[in-house]
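J.: missing the sequence, but the structure's below:
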């Protein structure tokens, strides 16, 4: 098992799925939304909305008027403006967006992205000096700057104004810039605080545009906003959902030659509407690779170029950088993995590792992989002499920015947000930093080991729901991402027909069967040895659904998130009975297992005969049943000829009604436990006992 615990969401209020289906939603979509608390037709309509009416007035952002006034004056007076960004995907797309947009307004604009290794994150005095020498009188930051109070003061001393646009967490004291536009400002009342850095940059562009021309700005820059928002793992609800939905449509017919080439390299041909998966696993790693390998300018040029040939060259260059990044990342990860495996104390309750010369561009990805594998927050530090630059990733909801704030006396600098952050630290402070983090994580976790858990949206009652049409209907829930993850489903007791390792032994491919339906499945980063799979074995599986296209054929494929051996029938029934006793609600499939079969009637009748063996051979049926009431929970008489008996055993509460030597047996359904009738599973079974 990959996860310690599977959390199956409640199915929602009774009748909610039916209501959503009557409103026109397909069954799988209705089931997922109900499990996520979107259980009424109006709520579903609001959640799935993605039109431009979800976009808020940009002037609701604090200081937006000041930013517009200063930038407009710079354009009128032909000042040289620098757009100063960050070296990740969000920062690169934001830099491209604002650079290109201000140039269309006639601005004299240069762009600047700091070198990850030499300069690090955010504004720095060296860069300010260089820009001032070029004649820059206004710096507009994107995706950075909110913590750069000292750097802003240095720029002012050189006669350079600064407008900050950012989306990261603020410190207690804001920089004294001309304007500070950040939806996370404590005094900002903007209705949607979860914009990405590129989203804030887009808001600035819209604020600089007359209302009648704003739809065209959204069309011109929507794809950049979508890429940066998805890559930065921002909440995909509300305004972000609208921006990403628009951007994905624009990517299908993108006018940027470099982006067209990069989409082809990622396996997405022109005209095909990409998904957030295309961005997250195709575009973002390749764009990110440029910044991670100290060549962010390559990615920026790719987004800005209008030359198709140059765009193709740059796309191939990004792919090469990405392969190099993967090799360096793997080397560091394997070293850390072996170290933590052989020294478990280093991963409890938090991972804090430091290494000489570790590549600063990849340690964030390594931290993410380690956090997932060892189920705890991870802090990776690249050492250079007596200084270290670190990157960290969260686990289990631990607030990284809050933790770094608590450890601020030990740090030279820090920034970021709850789930991902960066910092710089002196080598001598690392032991105290590790001790402080251990205490913070233990307090957060209640001094208990953290557990890895998988949220499962709903259980599939019957595999007939896994048709191509049903799976394709899940696209209505797109775009998937933070706040709207790709749905995870559960199937119990599937039989393994065959299995094989693929991808050089790194992945596991399976052929499964249940309900007479044969299904293909793939489990990435797992193999036969790790999972202990055998043909004929029964498994419980958690998975996402996708359509696999091969040689013109479209088939359903299960992409496994986790698997575990299925319990035996007797183990499962005992577990279900205990859950019934505890008042839990069973799924329709679980409830079906509790219904008695023909053999159960025979066992029950033989039990009745044994109990009454000492009595008269021809005893009336009602007298016979009254004799056994001492062994059962009770009985009731219905008229002269009908006797109803409730039998409590491991299968639950079974009702036996006998009339004229004819028995009707069914699982009694306590209303507070499981409503089998509503689930479509209640059925009466008759068996002639004569």
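T.: Now that the structure is in, tell me what you want to look at. All of these numbers come straight from a predicted model, not from anything done at the bench.

J.: so which bits of the helix or strand harbouring residue 94 are buried?
T.: Per DSSP states H and E, residue 94 falls inside helix 89-104. For helix 89-104, burial by neighbour count (16 or more other CB atoms under 10 Å) applies to 89-103. (Glycine included, C-beta is placed from N, CA and C.)

J.: where do the helices sit along the stretch 51-200 of the chain?
T.: 64-76, 89-104, 125-133, 149-157, 197-207 (DSSP state H, counting those that start in this stretch).

J.: wait, which of those is closest to residue 490?
T.: Among the helices of the stretch 51-200 of the chain, the nearest to residue 490 by CB to CB is helix 89-104 (33.0 Å).

J.: possible to save the helices of the stretch 51-200 of the chain as JSON lines with mean pLDDT?
T.: Converted to JSON lines, these look like this (pLDDT from 0 to 100):
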{"stretch": "helix 64-76", "mean pLDDT": "98"}
{"stretch": "helix 89-104", "mean pLDDT": "97"}
{"stretch": "helix 125-133", "mean pLDDT": "96"}
{"stretch": "helix 149-157", "mean pLDDT": "96"}
{"stretch": "helix 197-207", "mean pLDDT": "98"}
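
J.: of all those, which one comes closest to residue 429?
T.: Going by CB to CB, the one of those nearest residue 429 is helix 149-157, 20.1 Å.

J.: and the nearest residue to residue 267 once chain neighbours are set aside, how far is that from residue 230?
T.: Excluding the flanking residues, the one nearest residue 267 by CB to CB, 6 or more residues apart in numbering is residue 282, at 6.7 Å. Distance of residue 282 to residue 230, computed by CB to CB, to the nearest Å: 11 Å.

J.: neighbour count winner among these two?
T.: residue 230 (30 against 18; other CB atoms under 10 Å).

J.: now do the more buried one against residue 442, distance only.
T.: Counting by CB to CB - residue 230 and residue 442 are separated by 34 Å.

J.: repeat that for residue 304.
T.: With CB to CB as the criterion, residue 304 and residue 442 are 48 Å apart.

J.: residue nearest the centroid of this structure?
T.: residue 485 (4.3 Å; CA atoms, centre = their mean).

J.: contacts only, for that one.
T.: residue 455 (CB atoms under 8 Å, 6 or more residues apart in numbering).

J.: quick check: it vs residue 235, distance?
T.: For residue 485, the distance to residue 235 (CB to CB) stands at 11 Å.

J.: shared neighbours of these two, anything?
T.: Joint contacts of residue 485 and residue 235 (CB under 8 Å, 6+ apart) do not exist.

J.: in terms of secondary structure, what does the helix holding residue 94 contact?
T.: strand 80-84, strand 108-112, strand 136-142, helix 197-207, helix 214-231, helix 284-292, helix 296-304 (3 or more CB pairs under 8 Å, 6 or more residues apart in numbering; DSSP states H and E).

J.: closest one to residue 400 among those?
T.: Taking the helices and strands packed on helix 89-104 one by one with CB to CB, helix 197-207 is closest: 17.4 Å.

J.: please state the offset of that closest one from the chain centre?
T.: 25 Å (CA atoms, centre = their mean, to the nearest Å).

J.: what's it packed up against?
T.: Against helix 197-207 (3+ CB pairs under 8 Å, 6+ apart) you get helix 64-76, helix 89-104, strand 136-142, strand 161-165, strand 179-181, helix 214-231, helix 238-252.

J.: apply 6 Å and report the result again.
T.: helix 89-104, strand 161-165, helix 214-231 (3 or more CB pairs under 6 Å, 6 or more residues apart in numbering; DSSP states H and E).

J.: minimum distance to residue 58: which of those has it?
T.: helix 214-231 (8.8 Å).

J.: quick revisit: can you redo the helices and strands packed on helix 197-207 as JSON lines with distance to residue 556?
T.: Shown next, in JSON lines, are those (distance: least, CB to CB, whole Å):
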{"stretch": "helix 89-104", "distance to residue 556": "31"}
{"stretch": "strand 161-165", "distance to residue 556": "44"}
{"stretch": "helix 214-231", "distance to residue 556": "25"}
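
J.: nearest to residue 345, out of the ones you listed?
T.: Proximity to residue 345 (CB to CB) singles out helix 214-231 among these, at 34.8 Å.

J.: quick check: buried residues in that closest one?
T.: Buried-residue list, helix 214-231, by 16+ other CB under 10 Å: 214, 217-218, 220-231.

J.: so the top helix by length along the chain versus helix 284-292, what angle?
T.: Criterion DSSP state H: the longest helix present in the chain is helix 308-342. Here helix 308-342 runs at an angle of 90 degrees relative to helix 284-292 (axes from the mean of the first three to the mean of the last three CA atoms, to 10 degrees).

J.: who touches the helix holding residue 94?
T.: 83, 85, 109, 111, 142-143, 196-198, 201, 205, 221, 224, 227-228, 231-232, 284, 287-288, 299-300, 303-304 (CB atoms under 6 Å, 6 or more residues apart in numbering).

J.: what's near enough to touch residue 273?
T.: Contacts of residue 273 (CB under 6 Å, 6+ apart): 248, 252.

J.: A strand includes it, no?
T.: No: under the criterion used here (DSSP: H, G, I helix; E, B strand; the rest coil), residue 273 is coil, not part of a strand.

J.: determine the number of other residues adjacent to residue 468.
T.: Neighbours around residue 468, by other CB under 10 Å: 11.

J.: next one: residue 310
T.: Using other CB under 10 Å, residue 310 has 15 neighbouring residues.

J.: residues contacting it?
T.: Counting by CB under 6 Å, 6+ apart, residue 310 has no contacts.

J.: one more: residue 424?
T.: Listed by CB under 6 Å, 6+ apart, the contact partners of residue 424 are 389, 412, 413.

J.: out of the residues you listed, which end up buried?
T.: Buried residues within the contacts of residue 424, counting neighbours by 16+ other CB under 10 Å: 389, 413.

J.: among the contacts of residue 424, which ones are in helices?
T.: Short answer: these have none in helices (DSSP H).

J.: can you give the distance from stretch 240-249 to the centre of its chain?
T.: 17 Å.

J.: for stretch 235-253, same thing?
T.: That offset, for stretch 235-253, works out to 16 Å (CA atoms, centre = their mean).

J.: got the contact list for that stretch?
T.: 50, 54-55, 192, 194, 222-223, 225-226, 229, 234, 273-274, 479, 481-484.

J.: hmm, 7 Å instead?
T.: Residues outside stretch 235-253 that contact it (CB atoms under 7 Å, 6 or more residues apart in numbering) are 50-52, 54-56, 192, 194-195, 199, 218-219, 222-223, 225-227, 229-230, 234, 263, 271-276, 479, 481-484.

J.: list the contacts for residue 289?
T.: 318, 321, 322, 325.

J.: ok, and the most crowded of those residues?
T.: Result: residue 318 is most packed of the contacts of residue 289 (other CB under 10 Å), 26 neighbours.

J.: tell me the contacts of it?
T.: 262, 286, 287, 289, 290, 298, 299, 302.

J.: mind listing which of the contacts of residue 424 are in strands?
T.: Of these, the ones assigned to strands by DSSP state E are 389, 412, 413.

J.: the residue nearest to the last one when sequence neighbours are not counted: what secondary structure?
T.: Nearest residue to residue 413, sequence neighbours excluded (CB to CB, 6+ apart): residue 424, at 4.9 Å. Reducing the assignment at residue 424 to three states with three-state DSSP gives strand.

J.: that older thread, let me know the angle separating the helix holding residue 94 from helix 64-76.
T.: Going by the same axes, to 10 degrees, helix 89-104 makes 50 degrees with helix 64-76.

J.: low-confidence ranges, the protein, go.
T.: 581, 592, 594-690 (pLDDT under 70).

J.: recalculate using a threshold of 50.
T.: Applying pLDDT under 50 to the chain flags the ranges 614-652, 658-663, 669-690.

J.: who are the neighbours in contact with residue 433?
T.: By CB under 7 Å, 6+ apart, the contact set of residue 433 is 352, 407, 410, 425.

J.: in CSV: these, plus neighbour count.
T.: Output for those, formatted as CSV (neighbours: other CB atoms under 10 Å):
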residue, neighbour count
352, 21
407, 18
410, 21
425, 23
